[in-house]
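Trainee: Take this sequence and fold it.
(one chain, ligands or ions: 1)
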Amino acid sequence: MSITPRSGSTPFGRLRTHYEESRAVCPACGYEDEGGEWRVSTTGRRVEYRHRCPSCDAVDRRELRL
Ligand SMILES: [Zn+2]
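Mentor: Residues are numbered from 1 along each chain as shown. Take a look at the predicted model:
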């Protein structure tokens, strides 16, 4: 009797979605600020993300409802 261990099924999760959301692309000039700073502020049940483009200084705002 021999048992061969199965390998290759590592659960990766869905952290990649987080990565893609944290990547900011400026809507004004198209500058891609990978790992750019998002300022997060919460107001009640909403979360507001703000990102300032280092290239053209435009502010991108995104709002999430919890
Ligand atoms: Zn820009």
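Trainee: The ion contacts on the protein?
Mentor: Residues of the chain lying near the ion by C-beta under 5 Å from the ion: C26, A28, C29, Y31, C53, S55, C56, A58. (Glycine included, C-beta is placed from N, CA and C.)
Trainee: Tell me where this protein has helices.
Mentor: In the chain, helices defined by DSSP state H lie at 15-22, listed in chain order.
Trainee: Give the residue spans of it that score low on pLDDT.
Mentor: Across the chain, the ranges flagged by pLDDT under 70 are 1-22.
Trainee: at 90 instead, please
Mentor: Under the criterion pLDDT under 90, the flagged ranges of the chain are 1-25, 27, 33-40, 43-44, 47, 49, 60-62, 64-66.
Trainee: before we move on, back to that, put the buried members of the residues of the chain next to the ion into a PyMOL selection.
Mentor: Buried subset of those, written as a PyMOL selection, criterion 16 or more other C-beta atoms under 10 Å:
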select buried, resi 26+53
